[in-house]
Every structure is written in structure tokens, then in C-alpha cells.
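*Asks:* model this:
(one chain, ligands or ions: 1)
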Amino acid sequence: MKLDDIRREYVAQGLNREDLFAEPLKQFELWLQQAVDAGIKDPTAMTLATVGADGAPSQRIVLLKQCDAKGFVFFTNYGSRKAQDIEQNPQVSLHFPWHMFERQVKVQGRATRISTAESLRYFLSRPHESQLAAWASKQSHSIRSRQVLLQQFEAMKQKFQQGEVPLPDFWGGYRVEPTAMEFWQGRENRLHDRFEYRLGEQGWSIERLAP
Ligand SMILES: Cc1cc2nc3c(=O)[nH]c(=O)nc-3n(C[C@H](O)[C@H](O)[C@H](O)COP(=O)(O)O)c2cc1C
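*Replies:* Below is the predicted model of the structure:
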């Protein structure tokens, strides 16, 4: 396979300064809505980058579950590797790759745990099996075999046969409050449009960046 022959021109559309909302979260909501409406697979999937105590970066995909003026919310296991990283260093980065639109959005911000009440509200909306899986998996820790995981799942099924599955105290959401966001739109001849929002004392500023 010759990788250097794999390329294409980005010609779908442009992004103009005068078309941008003053608030980056409003701009994000518009692009997310367009991704959802177009039927993009996993439109809410975002790469979350964290930095560990040793300074090494680490990334993984998580699903965006809430987005409003306060920021971006995802849910996970509070004992996972990403959670350990965040407890040490709350500075994170999110990345949405919407190839179909020749777009990407980059977010820089600070992650904090959301309230137990907010996590509970979301947990109760999850399918029963997903609730059990949250209990069954010690996320990011080593396990001997898949069999062990399935046994744990069965054990949780038995344990929570009656009534609602409670929210595990090791599971919940983080909200990423953005301090910078970049909107990238692919253009012809690699002359892409890039606009970066930065949060300052006067609110959000917007700058065009060279591609
Ligand atoms: C499409 C997709 C969606 C995912 N969504 C989540 C999610 O919302 N929360 C989560 O904890 N892990 C999610 N995962 C799994 C993570 O990518 C990752 O494997 C897991 O969270 C453990 O990461 P860590 O060991 O770095 O903490 C998802 C994976 C994929 C491919």
C-alpha cells in the first residue's frame, strides 16, 4: 500500500468570520446539529486527551452526552486511567473529527466532576445492561480473562435483580469548561479556514489562524 498517494482535496464549503457566532458553544451546537442531521455515524464521539502525572499524553474516544453554555459533559468510571489523569491535571483537550463535512473542532478546557444528582439522572436513563456493565467493569484495570468480566456481569445481574440499579459511587460525569475552541473547515489547495476562540477577561475573542 502506498500511503503517500492517499489524499483528496477539501472543497465542501468555506467558513467566514462574519458567519461565526460570538459564543463558540453556539457555533459548536450548529455544527453538531448538522452532523446529526446528516446521519454521520457516532456524531457525538469525541477524542479526549489527558496528561498523566508523568507528563505523558493519553487519548481515547468518549461520547458527548450534554452540551450547553457551561460546557461538554461525558460519563465514565472515576477509577479509570482518564479519571486518574484528570484528578492530577484537569487540563484536557477534546477533538471532534467530522470528516464528512471536512471539519474538525478542537476544545481546550478544564474538566471537573459534575454533581452526583446530575450523574444519577443520566445513569437512570441508560439501558439496564449498560448500568450493570458500569458495576461489572473496573475500567482500565488489568483482568485475567473475558470470562472474569462476564462472571462479574452475571454477579451484578443477580445482585440487582430487584428494583433500580443504583448509581455506582465510582461512576459519573465530567464537564469540560472550554477556555479555547478551534473550528476548522477544509478548503482547496490545503488553504483551510481556521478560527480560534479564546476566553479572556472581556469574554471570547476570535482569530483566524493560518492553515
Ligand atoms: C465510539 C466509542 C465511544 C466510547 N464512549 C465511551 C464513554 O462515553 N465513556 C467511557 O468511559 N468510555 C467510552 N469508550 C471507551 C473508551 O474509548 C476507553 O477505552 C475507556 O474509557 C477506557 O479509557 P482509559 O483507560 O483511558 O480511561 C468509547 C469507545 C468508543 C470507540
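*Asks:* Quick one: the helices in the chain, in order.
*Replies:* 24-37, 81-88, 116-125, 128-136, 146-159 (DSSP state H).
*Asks:* Which among those helices is found nearest to G55?
*Replies:* G55 lies closest, by Cβ to Cβ, to one member of the helices of the chain: helix 81-88, at 10.3 Å. In this view, the C-beta of every residue, glycine as well, is placed from N, C-alpha and C.
*Asks:* Y174 is nearest to which of the helices of the chain?
*Replies:* Closest to Y174 of the helices of the chain is helix 81-88 (Cβ to Cβ; 6.5 Å).
*Asks:* Any residue of the closest one touching the ligand?
*Replies:* Yes: judged by Cβ under 6 Å from any ligand atom, helix 81-88 and the ligand are in contact via R81, K82.
*Asks:* could you say what helices and strands that helix packs with?
*Replies:* Applying 3 or more Cβ pairs under 8 Å, 6 or more residues apart in numbering; DSSP states H and E, we find helix 81-88 packed against strand 45-51, strand 57-63, strand 71-77.
*Asks:* Now do the last one: distance to the chain's middle.
*Replies:* Which is strand 71-77. Averaging C-alpha positions (Cα atoms, centre = their mean, to the nearest Å) puts strand 71-77 7 Å from its chain's average.
*Asks:* which residues touch it?
*Replies:* Here strand 71-77 makes contact (Cβ atoms under 8 Å, 6 or more residues apart in numbering) with 25, 46, 48, 62-67, 82-83, 94, 107, 109, 114, 118-119, 122-123, 134, 137-140, 170-178.
*Asks:* how about a cut-off of 6 Å?
*Replies:* For strand 71-77, the external contacting residues (Cβ atoms under 6 Å, 6 or more residues apart in numbering) are V62, L64, K65, Q66, Q139, W171, G173, R175, V176, E177.
*Asks:* For those residues, work out which two are farthest apart.
*Replies:* Maximum pairwise distance in the contacts of strand 71-77, criterion Cβ to Cβ, is 23.7 Å, between Q139 and E177.
*Asks:* number of nearby residues for Q147?
*Replies:* Per other Cβ atoms under 10 Å, the neighbour tally for Q147 reads 9.
*Asks:* Surely I86 and T112 touch.
*Replies:* No: using Cβ atoms under 6 Å, I86 is not in contact with T112, being 8.5 Å away.
*Asks:* Which strands border the helix-or-strand element of the chain with minimal mean pLDDT, and is each parallel or antiparallel?
*Replies:* Scoring the helices and strands of the chain by mean pLDDT, DSSP states H and E places strand 66-68 at the bottom, with a mean of 93. Applying DSSP bridges, strand 66-68 is found paired with strand 71-77 (antiparallel).
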